[in-house]
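[1] No sequence on hand, only this structure:
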Ligand SMILES: Nc1ncnc2c1ncn2[C@@H]1O[C@H](COP(=O)(O)OP(=O)(O)OP(=O)(O)O)[C@@H](O)[C@H]1O
């Protein structure tokens with residue numbers, strides 16, 4: 001069990017508090033997504049957990065043993081934990097297989113070969129086994145980094161947006177096989193991301209970060225349901241701010257699937273400004289009293305103005 005308790009953290013070179021009141025427990029095999037906008041402190045948090053930075057105020061423990069930063073450890077980092085970030089650190093002139101096998105025991109070559117195959121299958125690079133790393137694309141190198149990290153059999157995997165250079169098609173398949181592998185081997189995972197779909201689909205728990213502090217924490221679905229500000233809801237789609245007195249006595253923050261065109265007149269008479277094709281539907285941008293309103297529609301909206309109502313299947 002990883003126990004993170006960060007009261008406050010500043011980089012030594014600045015006075016700005018980067019993280020404050022970050023408290024959570026990570027159970028064995030649990031996957032936590034740290035979801036937040038750029039610059040909110042996600043990487044800093046992973047670097048503190050991994051022991052690359054010193055924590056002055058607070059404590060991080062693993063199975064009750066305190067984890068220290070570089071001022072206590074000659075070589076920063078912890079053996080039971082691996083950090084995979086956007087920066088890849090590979091041996092470019094050797095094969096994909098060599099890069100992964102470097103971290104295996106080398107006692108039983110058949111066993112090692114099976115393990116390399118399993119890991120390369122997990123990151124979907126089996127057909128590139130004999131290729132030199134320098135000839136791979138950026139996304140493929142990221143996947144070799146992941147396989148290398150897994151080869152060391154970590155108890156905890158820290159992922160710092162490691163899917164950033166991987167195209168959507170491969171990313172989805174890769175994330176499914178990777179997170180299945182992590183569950184199968186009871187490897188805990190903390191993943192920093194600004195992609196809410198990634199967090200919702202693959203994390204058990206989400207910590208929503210704003211300006212270095214946790215503003216929502218809980219099971220992925222509970223965090224989604226509890227999002228109640230433009231910042232929080234904005235991770236899950238375009239937000240329409242519907243003034244009080246339209247559908248409710250209070251102001252409402254709605255996502256595009258929560259609004260739909262009404263055959264009858266409603267208080268939400270909206271001018272149509274733009275429509276963005278999304279494949280399965282259009283995201284329509286409208287204007288209500290000078291403010292943007294967004295809703296989903298199955299076909300292109302040809303009217304210049306429509307009435308909107310709450311979608312019955314939206315909630
Ligand atoms: N070495 C450093 N010294 C001083 N300030 C730093 C240092 N590294 C990061 N920061 C600052 O700490 C804040 C948090 O940065 P961090 O990289 O943790 O954010 P992030 O959420 O991971 O961002 P991104 O999603 O863009 O990677 C930023 O304001 C950044 O400028």
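    Perfect, I can see it now. Note that the coordinates shown come from a computational prediction; the quantities given were computed from them, not determined experimentally.

[2] Flag every buried residue along stretch 302-315.
    306, 308, 309, 310, 311 (16 or more other C-beta atoms under 10 Å). No exception for glycine: its C-beta is placed from N, CA and C like everyone else's.

[3] Now those residues in a markdown table, please, with extra columns for secondary structure.
    What follows is the buried residues of stretch 302-315, written out as a markdown table (DSSP: H, G, I helix; E, B strand; the rest coil):
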| residue | secondary structure |
| --- | --- |
| 306 | strand |
| 308 | strand |
| 309 | strand |
| 310 | strand |
| 311 | coil |
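
[4] closest to residue 292 among the residues you listed?
    Nearest to residue 292, judged by C-beta to C-beta, of the buried residues of stretch 302-315 is residue 308 at 12.7 Å.

[5] Excluding chain neighbours, what is closest to that closest one?
    Once its chain neighbours are removed from consideration, residue 308 has its nearest residue in residue 268; the separation is 4.2 Å (C-beta to C-beta, 6 or more residues apart in numbering).

[6] Wait, that neighbour touches residue 246, no?
    Yes: Residue 268 is in contact with residue 246 according to C-beta atoms under 8 Å; the separation is 5.6 Å.

[7] hmm, back to that, report how many residues lie close to the residue nearest to residue 308.
    One way to gauge burial is a neighbour count; for residue 268, by other C-beta atoms under 10 Å, it gives 22.

[8] Pull the contacting residues for it.
    Each residue near residue 268 by C-beta atoms under 8 Å, 6 or more residues apart in numbering is listed here: 242, 246, 247, 259, 288, 293, 307, 308, 309.

[9] burial measure for the second one, as a count.
    Each residue near residue 246 was counted by other C-beta under 10 Å, and the total is 16.

[10] so what's it closest to, chain neighbours aside?
    Using C-beta to C-beta, 6+ apart, the nearest residue to residue 246 is residue 267, at 4.7 Å.

[11] can you check the last one too?
    Once flanking residues are discounted, residue 309 sits nearest to residue 262: 3.8 Å by C-beta to C-beta, 6+ apart.

[12] so the one you found bridges to which residues?
    In this structure, residue 262 bridges to residue 307 when assessed by DSSP bridges.

[13] just checking, it touches residue 312?
    No: at 11.2 Å, residue 262 does not count as touching residue 312 under the criterion of C-beta under 8 Å.

[14] count of residues packed around the spatially closest residue to residue 163 that is not a sequence neighbour?
    Take residue 163 and drop its neighbours on the chain: the residue closest to it by C-beta to C-beta, 6+ apart is residue 171, 5.0 Å away. Here the neighbour count serves as a burial measure; for residue 171 (other C-beta under 10 Å) it reads 16.

[15] would residue 171 count as being in a helix?
    Yes: note on residue 171: a helix contains this position according to three-state DSSP.

[16] Please tell me how far it sits from residue 268.
    Residue 171 sits at a distance of 36 Å from residue 268 (criterion: C-beta to C-beta, to the nearest Å).

[17] ok, now residue 110?
    Between residue 110 and residue 268 the computed distance is 67 Å (C-beta to C-beta).

[18] Now do the strands in the stretch 51-200 of the chain.
    With DSSP state E, counting those that start in this stretch, the ranges of strands along the stretch 51-200 of the chain come out as 57-62, 65-66, 81-84, 156-160, 188-193.

[19] okay, the contacts of residue 268 in TSV with pLDDT and distance to residue 25 next?
    Conversion of these to TSV gives the following (pLDDT from 0 to 100; distance: C-beta to C-beta, whole Å):
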residue	pLDDT	distance to residue 25
242	97	37
246	95	41
247	95	39
259	97	38
288	96	44
293	97	40
307	97	48
308	97	43
309	96	43
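
[20] Also near the ligand: which of these, exactly?
    Of the entries in the contacts of residue 268, none also sits close to the ligand under the rule C-beta under 6 Å from any ligand atom.

[21] Make JSON lines from the residues you listed and add distance to residue 58 to it.
    Output for these, formatted as JSON lines (distance: C-beta to C-beta, whole Å):
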{"residue": "242", "distance to residue 58": "40"}
{"residue": "246", "distance to residue 58": "45"}
{"residue": "247", "distance to residue 58": "44"}
{"residue": "259", "distance to residue 58": "43"}
{"residue": "288", "distance to residue 58": "46"}
{"residue": "293", "distance to residue 58": "43"}
{"residue": "307", "distance to residue 58": "53"}
{"residue": "308", "distance to residue 58": "47"}
{"residue": "309", "distance to residue 58": "48"}
